[in-house]
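Trainee: What follows is a predicted protein model with its sequence.
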Amino acid sequence: MNLSMVWFHIRGQKRKVNRSAMNGVVFEMTQRNLLPFSFHKTRKIAHQVLNELGTIGLKRIKDIDKMINFHAQETEESRDTIATSYFSATPESDEASGAQVRKVMRMYTEEDRAVFIWKMLAEPKLKCSNASMSYQLQSTLQVVMRPGEEPTLSGDESTQFLIHFSASRHDLGIPMNAKYREPGHMDSGIALWEKLISRIPQEVESELIDGTCVSMSTEVSSFTTSE
């Protein structure tokens, strides 16, 4: 048993942290939500939100927009897969210039289920030399959506929203400053992952509410005009 692994339980959420892992999982999180919108609408908006995860989604987190700049390099897109490469610059960091990132998202859909698999590989770079900081970060996000088993209190459709996320660190075996191997070195990354992942259902629900408000406004406007 790895005694450095610690599980934290929050209603609808479970997270595991291993700050000292040099090769292995440093953060893992599961979350369950029930969104008061139809499966079809939720699936469509979730695709948009998850595609922006790690870039525009990060910029919406308070203060992060001042810390990170994204420089797009390449995007490939097919019917069910989106692959993106970019450099995530951290101009305010004293040690890191940023990270080279490769992100891939794939979607699988069925009549009563949608699965999104999101993978990212990031290699932090040293300031000035732009050399590797001697480790890579790999993260995997799985989002499963199904129609809710029961309608909401108002009688509307609902969607089950299940999230599993894991992030691991992999030492490249290159000589490096010892402080990059200290447990506290990953704390800021763990905090950022937690904020980013826990916000996903909120982002999806917010977009769905905005869409509903726009639709209602359009209907009212059309009704007023017809009178």
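Mentor: Cool, got the structure. Numbering: from 1, shown residues only.

Trainee: Who does Ser132 form a beta bridge with?
Mentor: Beta-bridge partners recorded for Ser132 (DSSP bridges): Lys125.

Trainee: what about it, neighbour count?
Mentor: 16 (other CB atoms under 10 Å). C-beta coordinates here come from the backbone N, C-alpha and C atoms, glycine included.

Trainee: There's contact between it and Leu126 in this structure, I believe.
Mentor: Yes. With contact defined as CB atoms under 8 Å, Ser132 reaches Leu126; the gap is 7.4 Å.

Trainee: mind listing the helices for the chain?
Mentor: Taking DSSP state H as the criterion, the chain carries its helices at 39-51, 56-59, 187-198, 200-226.

Trainee: weakest of these in terms of mean pLDDT?
Mentor: For the helices of the chain, the weakest mean pLDDT is recorded on helix 56-59, namely a mean of 65.

Trainee: For Val204, list the residues it contacts.
Mentor: Leu35, Thr42, Ile45, Ala46, Val49, Phe161 (CB atoms under 8 Å, 6 or more residues apart in numbering).

Trainee: Thought Phe161 was touching the second one, still the case?
Mentor: Yes. Thr42 sits in contact with Phe161 when judged by CB under 8 Å, with a separation of 7.2 Å.

Trainee: Quick check: neighbours shared by these two?
Mentor: Common neighbours of Thr42 and Phe161 are listed as Leu35, Met145, Val204 (criterion: CB under 8 Å, 6+ apart).

Trainee: What is the nearest of those residues to His71?
Mentor: Of all the shared contacts of Thr42 and Phe161, Val204 has the smallest distance to His71: 27.0 Å, by CB to CB.
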